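Undergrad: next comes the sequence, and after it the predicted model I'd like to discuss.
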Amino acid sequence: MARARRRSGRLNAANGTPEPSDEQPPNGSQQTQPEEENETAATTTTQPDEEVTVKKQEDDKCPACSPDTPPVDTESWVRCDACKRWFHWRCAGKGELEAIDKWFCRPCLDEDTKRVITMKPPARKSSRKRAQRDYAGLNVGQETDPLRWTRILETREIKPHNFKRMKGSEITLDWIEHDPDAFKEPIFIESPEGLGMKMPDSSFSPQDVADILGDDTPVEVIDVATQANAPGWTLGKWAEYFKKGPEARDRIRNIISLEVSGTDLADKILPPRLVREMDWVEKFWPSSKKGRGHQFPKVQLYCLMGVTNAWTDWHIDFAGSSVYYHIVFYFIRPTPANLAAYERWSGTEMQNHSWLGDMCDEVYKVELTQGNTLIIPTGWIHAVYTPVDTLVFGGNYLHSYNVATQLRVREIEINTHVPKRFRYPHFTKLCWYAAEKYLRDLKAKEEFSPRVLESVEALADFLVSESRTMEKGADPAKRESREQVPGDKIKDGPALARELRWRVRLAEGYASDEDSHTRSLKKRKGLSSNGDAASTSGAGSKRKRISEEHDDSRTAMFRNFQPKGWDVIEDKAGQKEEKTIRKRKVDDSGEDWKHAWSQETVDADDEAEEEATVTSTRSVLIKVRRSGKGIERHRVERVLEDWTWPATSGDSTDVKMKDEDSPPVNGYANGTAAADIDVQPNGTAEGEASNAMDVEVNGQAD
């Protein structure tokens, strides 16, 4: 980052101040002296007073100054981020020094063409992520064309959207729970009927907004040409600007960050019912911690106003939050490749001259008219264009149906250095509140769809990483992570995160000692822990049960959570029972017998001529431990059934090794002794066939 200082000028050069540090501008205790100049001063052989004079002259020298540059009483200095030399801003820079983020001198710019002077992000509070941009062209008088992107649109292939059109009454939580493809693409609703939302009538205008919130209310206004904040605006001034015709407006501007929660205007707005049912703030943030006097994520109710030809460049709504809008939208799918392209493009000089659509596979267009509603799912990259003067209500929300993408967008925001004030507010604390509620639900044996369980596992993994920061991170990171844990609900954040991860993995059907690589392979193959096909059904599908054939004394490979052990484990050997049942013998042909023999009970066949001898061996496993409410007792009864039939004429269990087509060798067939080898199947007596069944008839928690 460019270092800038404002200091007294050459009039202070003879004060004889100590040698400055490398991080300060020249001349004085708050200024930097370049390393080359330090070496020169150290090797100068003069008298002490002369040495100080020469050194001070070197300190005051700006590499960009001409010999006839007049001195001034106060001077602004800037340091080159490449060569670390200090320059007079009036000699080497252009524009406002306070707006500079990274600055390079002309020789360093010529040396490496990849270096670009960049500006600080505009000081505005926006619902959308705005990464840093290259505004160096503005500082040299190159005005940005506000219509350049709309002209690009005319030369690019934009596909009409094929997103699902639905009625408001069809947009329900039950639909999302049971349809695995639900809410993975934007949802277009032509009529608001059935959505369960409330909006002001069609005559509502920016003047009405100003009347309700107050003409003197400050508002963040964006200059579309520069995508920068235009200071000094109030709602009253905006209403007057909006009333003018397009030809009478000096510049194209819009408002994208007017959040109205807790105001009288909020009483006129109600988000769609589905949004309220999914929104984490509504579901998990304590109601006692919301409202006036409390800090909580206020992103649910936005009033957006744009004039003709206003453009908001490509972005993903903060933290991958989903949004609803009641404008013309341009969409890019959030595929891994497109998100990677967005990450390369965002926050770099590419934003000033590159069309993101050229770096991605496809761009879709959705045009909304009055009364239409668009619900945008997690992570969709989009730009917004208003062909006519427009007033829109919308909002952002996090939900439990694609947490992994929400976290991926947060990672992109961090990697592209988006300032915290432009990210989803209180994101991590909201994640802790959601985790605390899901842990309680899992303990209470609540059933969740596979889609939600997958999201909760992603949430748990994120919070475990936060826990590691608390335990092993640097002190500032530790402190920040601990401050995000809501003490009113959670006493031990790391323990909660690890228990949640353990429980959600069990609920998904994975044994606690399976490592993450094994689980990821099974997910890709569609298998559960026991190798069966994983369930893809919606809510109400039974969880895959973990095999009881494990050793409780075995050391678990699950690194971060060890469930409480059992106080008593008794494995009682069972007694044998023998009975005769009329049942047909299983032949070797066909596959139908597998289904019949895998049922919970095997019924007798009165028409069968054969009788089977059934030997049953029962055993009981009892496990007991103390719990927070008393005693937890598990009793598992197992039955091993061995079915055998007497041999009948024509049956043979002999395996003949003799090959009659080959001539004998020394009296032996194929070099082996010519003999019949009797095989005793399953350890039964010779001449008997056997089927064995291992049936668990009772597994319960008393």
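TA: Perfect, thanks for sending it.

Undergrad: for stretch 632-652, buried residues please.
TA: Applying a neighbour-count criterion of 16 or more other CB atoms under 10 Å, the buried positions in stretch 632-652 are Glu632, His634, Val636, Glu637, Arg638, Val639, Asp642, Trp643, Thr644, Trp645. Every C-beta, even on glycine, is put in place using the N, C-alpha and C of the backbone.

Undergrad: which residue sits closest to the second one, ignoring its sequence neighbours?
TA: Pointing back at His634 there. Residue nearest to His634 in three dimensions, not counting chain neighbours: Lys623, with 4.4 Å by CB to CB, 6 or more residues apart in numbering.

Undergrad: list phi and psi for the one you found.
TA: As for Lys623, its main-chain torsions (degrees, to the nearest 10) stand at phi -130, psi 130.

Undergrad: the strands in the stretch 101-250 of the chain, which residues?
TA: Counting by DSSP state E, counting those that start in this stretch, the segments of the stretch 101-250 of the chain that form strands are 118-119, 159-160, 165-166, 187-189, 221-223, 228-230.

Undergrad: for this protein, give me the ranges with low pLDDT.
TA: Across the chain, the stretches falling below the confidence threshold (pLDDT under 70) are 1-60, 121-145, 318-326, 352, 511-563, 588-590, 648-702.

Undergrad: now the residue nearest the centre of it: how far from Thr369?
TA: Taking CA atoms, centre = their mean, the centroid of the chain lies closest to Leu407, which sits 1.7 Å from it. Going from Leu407 to Thr369 by CB to CB, to the nearest Å gives 35 Å.

Undergrad: quick check: Ile256 touching Ile222?
TA: Yes: using CB atoms under 8 Å, Ile256 makes contact with Ile222 at a distance of 6.3 Å.

Undergrad: hang on, the earlier thing: helix/strand/coil for the residue nearest to the centre of the chain?
TA: Secondary structure of Leu407, reduced to three states by DSSP: H, G, I helix; E, B strand; the rest coil: helix.

Undergrad: a helix runs through Leu459, doesn't it?
TA: Yes: checked against three-state DSSP, Leu459 lies within a helix.

Undergrad: and the closest residue to it other than its chain neighbours, how many neighbours does it have?
TA: Nearest residue to Leu459, sequence neighbours excluded (CB to CB, 6+ apart): Val403, at 5.0 Å. The number of residues packed near Val403 is 25, by other CB atoms under 10 Å.

Undergrad: can you check Ser627 too?
TA: 9.

Undergrad: re earlier: mind putting the strands of the stretch 101-250 of the chain into JSON lines with mean neighbour count and distance to Lys579?
TA: Compiled in JSON lines, these are given as follows (neighbours: other CB atoms under 10 Å; distance: least, CB to CB, whole Å):
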{"stretch": "strand 118-119", "mean neighbour count": "22", "distance to Lys579": "86"}
{"stretch": "strand 159-160", "mean neighbour count": "10", "distance to Lys579": "71"}
{"stretch": "strand 165-166", "mean neighbour count": "14", "distance to Lys579": "60"}
{"stretch": "strand 187-189", "mean neighbour count": "21", "distance to Lys579": "62"}
{"stretch": "strand 221-223", "mean neighbour count": "21", "distance to Lys579": "84"}
{"stretch": "strand 228-230", "mean neighbour count": "18", "distance to Lys579": "87"}
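
Undergrad: and Trp103, which of these is closest to it?
TA: Comparison of these against Trp103 by CB to CB identifies strand 118-119 as nearest, at 8.4 Å.

Undergrad: what sits against the residue nearest to Ile152 when sequence neighbours are not counted?
TA: For Ile152, ignoring the flanking residues on the chain, the nearest one in space by CB to CB, 6+ apart is Trp355 at 5.2 Å. Contact analysis of Trp355 by CB atoms under 8 Å, 6 or more residues apart in numbering lists Trp149, Ile152, Arg156.
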